[in-house]
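Enquirer: pasting the sequence and the predicted coordinates here, then a few questions.
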Amino acid sequence: MRTSHFFGYGSLVNINTHSYRPYEKATIKGWRRIWCYTKLREVPFLSAHFVNKGQISGLIASVPDNDWSALDRRETGYHRTKIPLKLQKNTSKNEVQIYHVRPSNISNNKPVKGIILSYLDCVIKGYLEQYGEEGVMDFFETTDGWNCQIFDDRLNPIYPRHIQLTKSEQILVDHYLELSRKKQKYN
């Protein structure tokens, strides 16, 4: 059977949260990340949306034997879409699949719960390991929707794939989160 590929731009960048191999770093054009509330959960999803001049970095990984069942379960609430590959770097792959929230599921209601900090920590740890601090900065700059509330669950993490950050990594996350929220507030 043929092997398919996904493009991960959030927690899937943290290779310690899954076993999809091989993987490679990649940047796709025409997309940005966005935090959005949905009709499906009380907390915002990290999603991707198409924009003409956008681009986001992440990972492309293999889905052996085109068996999407486990990954689809992990990404419950997202819609999986095939996209042509427009990468900054050359690759032999010409299409990948990306998970995103369907526009029909997006809600303007903003419940009290916000971005789960243990989830954000997991995502940032992946970017830090794959792309370094420059990649972390890029993640925050290429993500919209920072005006959501923040739900600090670091002392009692609720995200099922949470990871423990070092104190300096926590400071890094908090620094870029604060900058992004201030920037979002004034734009």
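Expert: Okay, I see it.
Enquirer: longest strand of this protein?
Expert: Selection of the longest strand in the chain by residue count, based on DSSP state E, yields strand 45-63.
Enquirer: so how far is it off the chain centroid?
Expert: The chain centroid and the centroid of strand 45-63 are separated by 8 Å under Cα atoms, centre = their mean, to the nearest Å.
Enquirer: so what strands line up beside it?
Expert: When pairing is defined by DSSP bridges, strand 45-63 lines up against strand 4-8 (antiparallel), strand 23-36 (antiparallel).
Enquirer: pull the longest helix from the chain.
Expert: In the chain, ranked by residue count with DSSP state H as the criterion, the top helix is helix 117-141.
Enquirer: what about it, average pLDDT?
Expert: Along helix 117-141, the predicted local confidence has a mean pLDDT of 98.
Enquirer: now stretch 174-187
Expert: Model confidence over stretch 174-187, given as mean pLDDT, is 84.
Enquirer: how about it: buried residues?
Expert: Buried positions in stretch 174-187, judged by neighbour count with 16 or more other Cβ atoms under 10 Å: 176-177, 180. (Each C-beta comes from the backbone N, C-alpha and C, glycine too.)
Enquirer: hmm, who's touching that stretch?
Expert: Contacts of stretch 174-187 from elsewhere in the structure, counted by Cβ atoms under 8 Å, 6 or more residues apart in numbering, are 120, 124, 136-137, 139-141, 143-147, 150.
Enquirer: so which of the residues you listed is the closest to residue 157?
Expert: residue 120 (11.2 Å; Cβ to Cβ).
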